[in-house]
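Q: Just to be clear, the model below is a prediction. Sequence and coordinates:
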Amino acid sequence: MAEVDWRPVLLSLRVAPAATLLAILLGLPLAWLLARRRVPFGELLGALLTLPLVVPPTVLGYGLLLVLGRRTRLGGWLEQTWGVVLVFDWPAAVLAGALAALPLFVRTAQAAFEGVDRDLEDAARTLGCGEGRLLLLVTLPLAARGVTSGAVLAFARAFGEFGATLMVAGNIPGRTQTLPTAIYDAVQAGQNEAALLLVLLTCGVAGLCLMLLNRLGQASRD
């Protein structure tokens, strides 16, 4: 039996939920905005949000380095003012996973918001419901299954993120090495049994996510 370093697994189980939460916090207002409001340059905004799905992940990682690197304006300000260095630490993996997962969440949540019956929202308005309460008490509950599906997709994407993570967080064992980068290292080192075990674990998590998506889809049709 191959010896497996389980630290990348534990780190991925730490990074993926944090990245999913960040994707939800960023993506939920964007999805609602695209579904409910005519915004200037809306098509451009939609294209930019979808861009991480079609460009190589290393492009996303390089972009993060250009913004958050220690010699950049923002990265230098964070380090000098707050003592925060994001690159080549595990928070960088969270950012990479969140941005890679953001398009999946936004598109799924947007479709869920667009599927909410506008007549129900109008009825709530006639009863004196303000826009904030309308969103929390009517729109979000009605779109909950779609939003949850987007969150599951975001988690699966963040859990399997490789290219952007490698660029911006590196591959430091015990510090930034996530499950995908550990698989890469194991293959490069000829540790085929360890690589296979990690691959099966990754596929198992992805399979569970897909099963949950199927359940949510069936529940929405019932």
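A: That came through fine.
Q: list the helices and strands the lowest-mean-pLDDT helix or strand in the chain packs on?
A: Least confident element among the helices and strands of the chain, by mean pLDDT, DSSP states H and E: helix 131-134 (a mean of 78). If you count contacts as 3 or more C-beta pairs under 8 Å, 6 or more residues apart in numbering; DSSP states H and E, helix 131-134 packs onto helix 118-126. All C-beta atoms are positioned from the backbone trio N, CA, C, and that covers glycine.
Q: mean confidence for the helix it packs on?
A: The pLDDT scores in helix 118-126 average 81.
Q: Figure out how far it is from the centre of its chain.
A: Computed by C-alpha atoms, centre = their mean, to the nearest Å, the chain-centroid distance of helix 118-126 equals 32 Å.
Q: again, but for stretch 107-123
A: For stretch 107-123, the distance to the chain centre is 22 Å (C-alpha atoms, centre = their mean).
Q: pretty sure residue 151 contacts residue 20?
A: Yes. Applying C-beta atoms under 8 Å, one finds residue 151 in contact with residue 20, separated by 6.0 Å.
Q: These two: which has the busier surroundings?
A: Taking neighbours as other C-beta atoms under 10 Å, residue 151 and residue 20 compare with residue 20 leading, 25 against 21.
Q: Spell out the secondary structure type for that one.
A: For residue 20, the assignment made with DSSP: H, G, I helix; E, B strand; the rest coil gives helix.
Q: In the least confident helix or strand of the chain, which residues are buried?
A: Buried residues in helix 131-134, counted by 16 or more other C-beta atoms under 10 Å: residue 134.
Q: Point me to the helix or strand that includes the closest residue to residue 74 other than its chain neighbours.
A: Nearest in space to residue 74, with sequence neighbours left out and distances taken as C-beta to C-beta, 6 or more residues apart in numbering, is residue 67 at 5.8 Å. Assigned by DSSP states H and E, residue 67 falls within helix 57-68.
Q: and what of residue 81?
A: Applying DSSP H and E, one finds residue 81 within helix 73-82.
Q: residues of that helix that come out buried?
A: So, applying 16+ other C-beta under 10 Å, buried residues of helix 73-82: 75, 78.
Q: and for that helix, what are the contacting residues?
A: Here helix 73-82 makes contact (C-beta atoms under 8 Å, 6 or more residues apart in numbering) with 67-70, 84-87.
Q: Please enumerate the strands of this protein.
A: For the chain, no strands are identified by DSSP state E.
Q: Can you get me a residue count around the closest residue to residue 109 other than its chain neighbours?
A: Excluding the flanking residues, the one nearest residue 109 by C-beta to C-beta, 6+ apart is residue 31, at 3.6 Å. Neighbour count for residue 31, taken as other C-beta under 10 Å: 27.
Q: quick one, what contacts residue 31?
A: Residue 31 touches 105-107, 109-110, 112-113, 147, 150, counting by C-beta under 8 Å, 6+ apart.
Q: Now tabulate those in JSON lines and tack on distance to residue 96, neighbour count and pLDDT.
A: Compiled in JSON lines, those are given as follows (distance: C-beta to C-beta, whole Å; neighbours: other C-beta atoms under 10 Å; pLDDT from 0 to 100):
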{"residue": "105", "distance to residue 96": "15", "neighbour count": "29", "pLDDT": "95"}
{"residue": "106", "distance to residue 96": "17", "neighbour count": "28", "pLDDT": "94"}
{"residue": "107", "distance to residue 96": "19", "neighbour count": "19", "pLDDT": "92"}
{"residue": "109", "distance to residue 96": "21", "neighbour count": "30", "pLDDT": "93"}
{"residue": "110", "distance to residue 96": "23", "neighbour count": "24", "pLDDT": "91"}
{"residue": "112", "distance to residue 96": "25", "neighbour count": "24", "pLDDT": "91"}
{"residue": "113", "distance to residue 96": "26", "neighbour count": "21", "pLDDT": "90"}
{"residue": "147", "distance to residue 96": "23", "neighbour count": "24", "pLDDT": "92"}
{"residue": "150", "distance to residue 96": "19", "neighbour count": "29", "pLDDT": "92"}
